[in-house]
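Student: Quick one: sequence plus predicted model below, questions after.
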Amino acid sequence: MFKKILYIFIFYSLAIAIKRQDIIDVLDNYNKAFKNADYSDIVNYFDYPASFNLQDKTIGASGKFKLKL
């Protein structure tokens, strides 16, 4: 019984570590695209609808086309 629990714990820990690394990789790629001003690649990192704030207003985007404007 102890071995079974230990195996489940190890598997769960590895699964979380892999997910964490995937998230870090996505954020790193987004950062690189933003640094290189590759705006056609940046829009791929958003889920829709997305909203973001400018100095005087909030922009809402329901798709890639509106986000590129």
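Tutor: That came through fine.
Student: Please, where are all the helices along the chain?
Tutor: Assigned by DSSP state H, the chain shows helices spanning 2-35, 39-42, 64-68.
Student: between these, which one is nearest to Phe52?
Tutor: Nearest to Phe52, of all the helices of the chain, is helix 64-68, at 8.9 Å by C-beta to C-beta. Heads up, the C-betas are built off the backbone N, CA and C, glycines and all.
Student: Could you give the bridge partners of Phe52?
Tutor: Ile59 (DSSP bridges).
Student: now it: how far from Tyr30?
Tutor: 14 Å (C-beta to C-beta, to the nearest Å).
Student: The two: which has the busier surroundings?
Tutor: Tyr30 (15 against 10; other C-beta atoms under 10 Å).
Student: wait, that one sits on Phe46?
Tutor: No - with contact defined as C-beta atoms under 8 Å, Tyr30 and Phe46 do not form a contacting pair (9.4 Å).
Student: want to throw the helices of the chain into TSV with distance to Lys57?
Tutor: Shown next, in TSV, are the helices of the chain (distance: least, C-beta to C-beta, whole Å):
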stretch	distance to Lys57
helix 2-35	21
helix 39-42	20
helix 64-68	14
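Student: Put together JSON lines for these, with distance to Thr58 and mean pLDDT on each row.
Tutor: Below are the helices of the chain laid out as JSON lines (distance: least, C-beta to C-beta, whole Å; pLDDT from 0 to 100):
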{"stretch": "helix 2-35", "distance to Thr58": "20", "mean pLDDT": "84"}
{"stretch": "helix 39-42", "distance to Thr58": "18", "mean pLDDT": "79"}
{"stretch": "helix 64-68", "distance to Thr58": "13", "mean pLDDT": "60"}
